[in-house]
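Participant: Sharing a model prediction with you, sequence too.
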Amino acid sequence: MRRLLPTLLVLSVLGLGGCGRGEGPATEAEAAAAKAQADERAALEAIERQVAADREAVRGFDITRATYAWAPDPRTGQPAPSVELALANGTKLTVARLSVRAEFTREGDAAPWWAQEFHFPVSGVMAPGDDATARLSPEPDTDWALRAPAAEVPVQATVLPVALETPDGKRFLTEHAFGPAQQARLAELRAAR
């Protein structure tokens, strides 16, 4: 037993020496997680760069009014929630499609009861200097339609432009495409390096 004790002691020290944090090969799960974080960071950095590059091109596009109400659905004629948007194109771009982020909040609530990104064609196209209107309404069986408060409940709609698309398919991002949540997540990913 006396001869085995030093051998066991040496083996146990060698075994523990390879178990230190950050040493040795990463597991497949750790490698996959690291790759996912690197991919997420790269995607967020690409959005950040595009928003900076597109800043001047999209400056001047505005949603001047967002009115939430119940109105007859144009497809069914039945009352449905909708939001009417007033758009102003103060850019030098001709806008064929628009992406917006909408949040709907009951009067008095701190958090929205529904948030969604919408992508839709502008009726015709919006030339530089044009004004237009657009109406967003949910399909009858979607979460927005099912969660909508009753017509008599006041709802505040906050709708922000996220991206403008020209007739030739070029897409320009606004500052709202890289909002506070994305900025915080990118900062977190950068700090984790």
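Facilitator: Cool, the structure landed.

Participant: show me where pLDDT drops low in this structure?
Facilitator: Applying pLDDT under 70 to the chain flags residues 1-25.

Participant: hmm, 50 instead?
Facilitator: The chain contains residues with pLDDT under 50 at 1-20.

Participant: tell me the helices in it, going along the chain?
Facilitator: Per DSSP state H, the chain carries helices over the ranges 4-17, 28-58, 143-147, 180-191.

Participant: I'd like these laid out as JSON lines, including distance to residue 95 and mean neighbour count.
Facilitator: To be clear about C-beta, it is placed using only N, CA and C from the backbone, and glycine gets the same treatment. JSON lines is the format used below for these (distance: least, C-beta to C-beta, whole Å; neighbours: other C-beta atoms under 10 Å):
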{"stretch": "helix 4-17", "distance to residue 95": "63", "mean neighbour count": "9"}
{"stretch": "helix 28-58", "distance to residue 95": "10", "mean neighbour count": "13"}
{"stretch": "helix 143-147", "distance to residue 95": "24", "mean neighbour count": "14"}
{"stretch": "helix 180-191", "distance to residue 95": "23", "mean neighbour count": "12"}
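
Participant: Isn't residue 67 up against residue 83?
Facilitator: Yes - contact criterion C-beta atoms under 8 Å: residue 67 and residue 83 qualify, at 6.6 Å.

Participant: anything in contact with each of these two?
Facilitator: Each of residue 157 lies in contact with both residue 67 and residue 83 under the rule C-beta atoms under 8 Å, 6 or more residues apart in numbering.

Participant: Those two: which has the busier surroundings?
Facilitator: When neighbours are counted by other C-beta atoms under 10 Å, residue 67 and residue 83 differ, and residue 83 comes out ahead with 24 against 13.

Participant: Could you report the separation of that one from residue 160?
Facilitator: According to C-beta to C-beta, to the nearest Å, residue 83 and residue 160 sit 12 Å apart.

Participant: and what of residue 30?
Facilitator: Per C-beta to C-beta, residue 30 is found 38 Å from residue 160.

Participant: Identify the residues contacting stretch 131-148?
Facilitator: Residues contacting stretch 131-148 (C-beta under 8 Å, 6+ apart): 71, 73-74, 76, 78, 80-89, 98, 100, 102, 104, 113-114, 116, 118, 120, 122-124, 126, 155.

Participant: Which members of those residues are classed as buried?
Facilitator: Listed as buried from the contacts of stretch 131-148 are 73, 80-85, 87-89, 98, 100, 102, 104, 114, 118, 122, 126, 155; burial here means 16 or more other C-beta atoms under 10 Å.

Participant: The residues you listed in strands, which ones?
Facilitator: When those are checked against strands (DSSP state E), the matches are 80-85, 87-89, 98, 100, 102, 104, 114, 118, 122, 126, 155.

Participant: Is it correct that residue 91 is in contact with residue 54?
Facilitator: No - counting by C-beta under 8 Å, residue 91 sits too far from residue 54 to count as a contact (10.2 Å).

Participant: Could you pull up the residues touching residue 88?
Facilitator: For residue 88, the contacting residues are 60, 61, 62, 63, 64, 130, 131, by C-beta under 8 Å, 6+ apart.
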